[in-house]
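1. okay, predicted coordinates and the sequence, questions at the end:
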Amino acid sequence: NAGVTQTPKFQVLKTGQSMTLQCAQDMNHNSMYWYRQDPGMGLRLIYYSASEGTTDKGEVPNGYNVSRLNKREFSLRLESAAPSQTSVYFCASRGAGTSGETQYFGPGTRLLVL
Amino acid sequence: AQSVTQLDSQVPVFEEAPVELRCNYSSSVSVYLFWYVQYPNQGLQLLLKYLSGSTLVKGINGFEAEFNKSQTSFHLRKPSVHISDTAEYFCAVKSASYGKLTFGQGTILTVHP
């Protein structure tokens, strides 16, 4: 099993450009999450999807959109990138029930917006 | 609402010395508690978690943590650290019945030879 995979690993954008970050998991998990990581701020939740076909806002959703394409894939879109969106983005997934309380993280996408 | 405070942003320590990384949380309901580790340029991986039962939880790589409900703490300890333990450590809390994971700000552990 590959676990959680993310593409791309690195990206440089100019202000105003758009891009989509891709995430896929092969663990048959229902829940998927997008976080951003900034120095000294830990991880902050952008959006999450509790199951296929549903998405909800997290703590910092402004400037982002998401799509839960199917059970495996959960993408994050920046429609008009801003320098404040320079960050490391992590996707995570989680199974069901108390045995599934652990979130499994992908390797991250490092985004620089100029 | 729940929150997590990691009391030290950086902890330097010598190899083979003991270490404690401190974590306090606030929540009005029962919680699950987690410690994750992030090695340089990698994603996060679970070190250990407390869901219920024994308040002393053992994790991977010789780490352990103790849940103290009265002090609302979940400090991480290791009796003897190795150079390879150099990483950033995140404490996280989740309501036992609903909701999402809330992370602390992270503690960078640097182990010196």
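-> On my side now, so go ahead.

2. for A:Pro39, give me the pLDDT.
-> Listed pLDDT for A:Pro39 reads 87.

3. what's the spacing between the closest residue to B:Gly43 other than its chain neighbours and B:Gln38?
-> Nearest non-adjacent residue to B:Gly43, counting by CB to CB, 6 or more residues apart in numbering or on different chains: A:Phe105, 3.8 Å away. In this view, the C-beta of every residue, glycine as well, is placed from N, C-alpha and C. To B:Gln38, A:Phe105 is 9 Å away according to CB to CB, to the nearest Å.

4. B:Thr86 reaches B:Leu109, doesn't it?
-> Yes. If you go by CB atoms under 8 Å, B:Thr86 and B:Leu109 touch, sitting 6.2 Å apart.

5. for chain A, what lies in contact range of chain B?
-> A:4, A:33, A:40-45, A:48, A:58, A:90, A:92, A:98, A:101-108 (CB under 8 Å from any CB of the partner chain).

6. quick check on those: which are buried?
-> Buried subset of the residues of chain A next to chain B (neighbour count, 16 or more other CB atoms under 10 Å in any protein chain shown): A:4, A:33, A:42-45, A:48, A:58, A:90, A:92, A:101-108.

7. phi, psi of residue 109?
-> If you meant another chain, say so; for now it's chain A. phi -120, psi 120 (degrees, to the nearest 10).

8. look at the closest residue in space to it that isn't next to it in sequence and say how many residues are nearby.
-> The spatial neighbour of A:Thr109 that comes closest, neighbours along the chain excluded (CB to CB, 6+ apart), is A:Tyr89 at 4.6 Å. For A:Tyr89, the neighbour count with other CB atoms under 10 Å in any protein chain shown is 23.

9. and A:Tyr89, what pLDDT?
-> The score at A:Tyr89 is 97. That number is its pLDDT.

10. for it, what are phi and psi?
-> The phi/psi pair for A:Tyr89 (degrees, to the nearest 10) is phi -110, psi 130.

11. okay but it is in contact with A:Trp34, surely?
-> Yes. Judged on CB under 8 Å, A:Tyr89 makes contact with A:Trp34 at a distance of 6.6 Å.

12. spit out the contact partners of A:Thr20.
-> A:Thr20 makes contacts with A:75-78, as judged by CB atoms under 8 Å, 6 or more residues apart in numbering or on different chains.

13. just the buried residues out of those, in PyMOL syntax.
-> One line in PyMOL is enough to select the buried ones among the contacts of A:Thr20; burial here means 16+ other CB under 10 Å:
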select buried, chain A and resi 75+76+78
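
14. quick check, nearest of the contacts of A:Thr20 to chain B?
-> For the contacts of A:Thr20, the residue nearest chain B by CB to the nearest CB is A:Leu76; the value is 15.1 Å.

15. got the contact list for the most centrally placed residue in chain B?
-> Taking CA atoms, centre = their mean, the centroid of chain B lies closest to B:Trp35, which sits 3.6 Å from it. B:Trp35 is in contact with B:21, B:23, B:46-49, B:59, B:63, B:65, B:74, B:76, B:89-92, counting by CB under 8 Å, 6+ apart.

16. so which of these also contact chain A?
-> Of the residues in these, proximity to chain A by CB under 8 Å from any CB holds for B:46, B:49, B:90.

17. could I get the residues you listed as JSON lines with distance to B:His82, neighbour count and pLDDT?
-> Shown next, in JSON lines, are the ones next to chain A among the contacts of B:Trp35 (distance: CB to CB, whole Å; neighbours: other CB atoms under 10 Å in any protein chain shown; pLDDT from 0 to 100):
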{"residue": "B:Leu46", "distance to B:His82": "19", "neighbour count": "17", "pLDDT": "93"}
{"residue": "B:Lys49", "distance to B:His82": "22", "neighbour count": "18", "pLDDT": "93"}
{"residue": "B:Phe90", "distance to B:His82": "20", "neighbour count": "25", "pLDDT": "96"}
